[in-house]
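1. Make a model of this:
(2 chains)
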2 protein chains.
Amino acid sequence: MGALENRVRGTAPESASTGPITREELQLASRNHAAPLESLRWPITPPGMHYLLVHFDVPQLDPFDWRLSVGGAVGIRLKLTLGELMVRPSRTITVTMECAGNGRSRLDPRPISQPWDLGAFGTAEWTGTPLAPLLAEAELADDAVELVFTGADQGVQGGVAQHYQRSLSIDDALGNDVLLAYEMNGRPLPPAHGFPLRLLVPGWYGMASVKWLRSIEAVRTPFLGYQQAIAYRYQHDDGDPGTPVQRIRVRSLLAPPGVPDFLTRNRLLEAGPVMLRGRAWSGSAPVARVDVAVDGGWARAQLEPSIGPRAWHGFSFPWVATPGVHSLACRAWDASGASQPLEPEWNAQGMGNTAVQRFDVEVVAAGSLG
Amino acid sequence: MGALENRVRGTAPESASTGPITREELQLASRNHAAPLESLRWPITPPGMHYLLVHFDVPQLDPFDWRLSVGGAVGIRLKLTLGELMVRPSRTITVTMECAGNGRSRLDPRPISQPWDLGAFGTAEWTGTPLAPLLAEAELADDAVELVFTGADQGVQGGVAQHYQRSLSIDDALGNDVLLAYEMNGRPLPPAHGFPLRLLVPGWYGMASVKWLRSIEAVRTPFLGYQQAIAYRYQHDDGDPGTPVQRIRVRSLLAPPGVPDFLTRNRLLEAGPVMLRGRAWSGSAPVARVDVAVDGGWARAQLEPSIGPRAWHGFSFPWVATPGVHSLACRAWDASGASQPLEPEWNAQGMGNTAVQRFDVEVVAAGSLG
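-> Next up, the predicted model:
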C-alpha cells in the first residue's frame, strides 16, 4: 500500500455521544497514557509520564534490520541504517508535545475516540539529526510538494487498512528544527515513543511526529491518506471537509494543589499560603501572558521564561487558601493574540479543545490532613 | 499520623455497578497506566509500558533531602540517606509485578475503583539492597510482629486521610528477595515508580511494594491501617471482613496476533501460519502448564523457562489461521495445582480476577491488510 495509491476514503473517524463513557473509550484510555497533572511540577516530564497516543500496536522492531528509505520525487534514493543516521550531525531540542485530541472528552456531545481529559501533554529532550540536509543529499525534486512519512505501525481505522502515514509540505519539512529523532531524554527512544526512529515536528500537534518511521517519500501531488484527509481535521460536522489540524494552540494547565481523594480525584488542601504552579505553551507563537482565577477573580500570574524555544513556560501565582470550597482556573495568551476560550468550542473530531481548565479545591483546617 | 495511631476505620473502598463506566473510572484509567497487551512480546517490559497504580499524586522528592527512617520496636533507630543505602550490598532481581485489581472491570457487577481490563502487569529488573540485613542492624525486637512501610504519597481514600501504608509480617519481610529498590532496569527509579526508593516484595501483588518509601516501623500489634484492613481484601460483600490479598495468583495472557482496529481494538489477521505468543506467571508457585484454545479446543502450549525465579515464562502455540472469526483463549496452572477459572469469580473489591483471557480474531485473506 504505497503512499501514492492512497485516495480519500474511509468513514469519518468519530461519531459523538451524549451518553455514558463506552467500553471502547475506556479501552483506549487504558492504552493511551495520559500525563498526570502533577507531572506539571517537573520541567522535563519524567520517564513514563509523557503522554502516549498509539493508533495501532507498538511495533517490535529490530534496530539492526531496520532501515529508513527516502524515495519518490528525489534524484537519489537513500536507504539508511540507524548507525548511518546517528553519525550525522545531531541536535537536541526540548519540545513540549501535545495530542490534538487533548480535552476531547470535555466536549458535549463527546466525539467518540481516545477520550482525553487534559493529560495529553509532555515535554522531553529529543535528540536526532536534522531532516533538511538529508533531503538535500537525496536531491529532492523541484516539483515535489510534500513529503509522506510512513510508520511501521499498522492496523485499520475508519474501515481503511493502513500503516500510519502523515505528510508535511516541503516548507514545513525543511524547518530547521524538524528532526529524525533517535533519543528521548538522552536514552534510545522507548518502543512506545517510536524506537528506533521517529519524526519530530516541534510546535505541531503530535500526529505530525510520525513514530517508528520507516520511509520518507517525496510526492508531486498532495497526500490524501486517512490520517491526513479524513482524520485530524477541524470539522463542524461529519459532512464538512474541515481544515487541517497543525500547530499546537495556546494552553495553560495548573498542577492541582493539595492532595487528592483516590476515587473522585477531588482536591483537598490545608488552609494557608500556597504557591499555585503550572505550565503554559503554544506551538504558534511565544506565550505572552497567563492569568489565574480564584473564585472567578482573574489576575496575572508570574510567567517564567520558557525552558527552550519549543518548550513550555512555568507560571506561578501565590494564594492564601481559606477554609471552604474554592474554584481555580487559568488562561494563557500567546504573542499572536490567541488565547484559550472560556468555554469549549465544539468540533466533530474533538480536536484542539483548549478551553480553560477549571476545578474546585476544598480547603480544610491546617493540620487536618495529617 | 503515625502508624500506631491507625485504627480500622473508613468506608468500604468500593461499591459495584451494573451501569456504564463512570467519569471517575475513566479519570482513574487515564492516570493509572495499563501495559498494552503487545508489550507481552518483550521479556522485560519496555520503559513507559510497565503498569502503574498511583493511589494519590506522584510526589516530587528531593533525593538529597530524602531520608529513610527505621524505628518502632527496634534497638537502634536508623536514619539513612540514599547514598548510604546505595553503598550497601546490592542485588538485581527480575520481577513480574501485577496489580491485585487486574481484571476488575470484567466483573459483573463491576466494583467501582481503578477499572483495569487486563493490562495491570509488567516485568522489570529491580536493583536494591536486601531489607533483612538492615533490620538486623537495627536490632529488631523479638516481640515485633510486623513492619509498617510508609510512603510519601498522601491523600484521602474511603474518607480516611492517609499516607500510603502497608505492613508485612516479620517472616515475609525477612524473605531474602525483599529489597529496598532504587533502580529499575539499570536506571534510577522513575518518579512514578517510587523515586528515590521503594519496597519490592517479589511474588506479591503490587500493593505490598510501597513506593516513595520514607519509613519502616516495627510494631508489636498487627497494623490496621486503611490499605491493610479495609482495602486489598477478598470480600464476598461489603460487610465481610474478608481475607487479605497477598501473593499473585497464576495468570497467562496472549499478545493478540495480527493488527487492531483503532477504535474497537478488534483484531484482524491475515490467513496463514502464525505463532501465538504470550506470558504466564504466578507469585505462589512456579508455572507448570499453559493451554491455548482455538475455537474452544484446548491444547498444550510450549512453555519456556522463566526469565528468572520471580519472573514470567514465555509460551508459544503454532496456529494455521483460516479465514473467518476465531476465538482464542489461554489458561495457566502453577505447581501448587492452582489454575485460572474459566469464568470470573466475583468479590466485592474486584481483587485477583484471573479468569481466562478470551478474544476473537477475524482472519482475512492473505495480503488484504496491505
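2. Residue A:131: neighbouring residues, count only.
-> 24 (other CB atoms under 10 Å in any protein chain shown). Glycine gets a C-beta too; all of them are placed from N, C-alpha and C.
3. same thing with residue A:344?
-> Neighbours of residue A:344 using other CB under 10 Å come to 16.
4. My understanding was that it contacts residue A:355; is that so?
-> Yes: counting by CB atoms under 8 Å, residue A:355 is a contact partner of residue A:344 at 4.2 Å.
5. what residues are shared contacts of the two?
-> A:103, A:106 (CB atoms under 8 Å, 6 or more residues apart in numbering or on different chains).
6. my guess is residue A:289 meets residue A:332, correct?
-> Yes: counting by CB under 8 Å, residue A:289 touches residue A:332, with 6.8 Å between them.
7. When these two are compared, which one has more neighbours?
-> More neighbours surround residue A:332 than the other of residue A:289 and residue A:332, with 29 against 17 (other CB under 10 Å).
8. any idea how far that one is from residue A:204?
-> 18 Å (CB to CB, to the nearest Å).
9. Please spell out which residues along the longest helix belonging to chain A are buried.
-> When chain A is parsed with DSSP state H, its longest helix is helix A:23-31. By 16 or more other CB atoms under 10 Å in any protein chain shown, the buried positions in helix A:23-31 come out as A:24, A:25, A:26, A:27, A:28, A:29, A:30, A:31.
10. Skip the chain neighbours and tell me the closest residue to the second one.
-> With sequence-adjacent residues excluded and distances taken as CB to CB, 6 or more residues apart in numbering or on different chains, residue A:25 is closest to residue A:115, at 4.3 Å.
11. can you count the residues close to that neighbour?
-> Neighbours of residue A:115 (other CB under 10 Å): 26.
12. that's a strand at it, yeah?
-> No: assigned with DSSP: H, G, I helix; E, B strand; the rest coil, residue A:115 falls outside any strand and is coil.
13. you'd agree it is up against residue A:28?
-> Yes: Residue A:115 is within contact range of residue A:28, at 6.6 Å (criterion: CB under 8 Å).
14. and the helix or strand that the longest helix of chain A is followed by, C-alpha only, in PDB?
-> Scanning forward in sequence from helix A:23-31 by DSSP states H and E, the next helix or strand is strand A:68-72. Extracted in PDB, the C-alpha atoms of strand A:68-72 (Å, rounded to 0.1, in the frame of the first residue of the first chain):
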ATOM      1  CA  LEU A  68      14.900   4.300   6.600                       C
ATOM      2  CA  SER A  69      14.200   4.700   3.000                       C
ATOM      3  CA  VAL A  70      14.000   8.100   1.300                       C
ATOM      4  CA  GLY A  71      12.400   7.900  -2.200                       C
ATOM      5  CA  GLY A  72       9.700   9.200  -4.500                       C
END
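15. Check which helices and strands strand A:68-72 sits against.
-> Helices and strands touching strand A:68-72, by 3 or more CB pairs under 8 Å, 6 or more residues apart in numbering or on different chains; DSSP states H and E, are strand A:78-80, strand A:213-219.
16. about what we covered before: need the residues that contact the longest helix of chain A.
-> Contacts for helix A:23-31 (CB under 8 Å, 6+ apart): A:54, A:105, A:112-115, B:21, B:25-26, B:29-30, B:33-34, B:36, B:105, B:115-117, B:119, B:263-265.
17. Just the buried ones from the residues you listed, in PyMOL syntax?
-> To isolate the buried ones among the contacts of helix A:23-31 in PyMOL, judged by 16+ other CB under 10 Å, type:
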select buried, (chain A and resi 54+105+112+113+114+115) or (chain B and resi 21+25+26+29+30+33+34+36+105+115+116+117+119+263+265)
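18. Give me the pLDDT for the closest residue in space to residue A:132 that isn't next to it in sequence.
-> Spatial nearest neighbour of residue A:132, excluding adjacent residues (CB to CB, 6+ apart): residue A:174 at 4.8 Å. Reading off the confidence values, residue A:174 has pLDDT 96.
19. So, low pLDDT: which residues of chain A?
-> A:1-14 (pLDDT under 70).
20. domain parsing for it?
-> A:3-244, A:251-364 (automatic domain parsing).
21. right, and the residue nearest to residue A:132 touches residue A:130 too?
-> No: taking contacts as CB under 8 Å, residue A:174 lies outside contact range of residue A:130: 9.4 Å.
22. Please report how far the residue positioned nearest the centre of chain A lies from chain B.
-> The centre of chain A sits closest to residue A:98, judged by CA atoms, centre = their mean, with a distance of 2.0 Å. Taking CB to the nearest CB, to the nearest Å as the measure, residue A:98 falls 15 Å from chain B.
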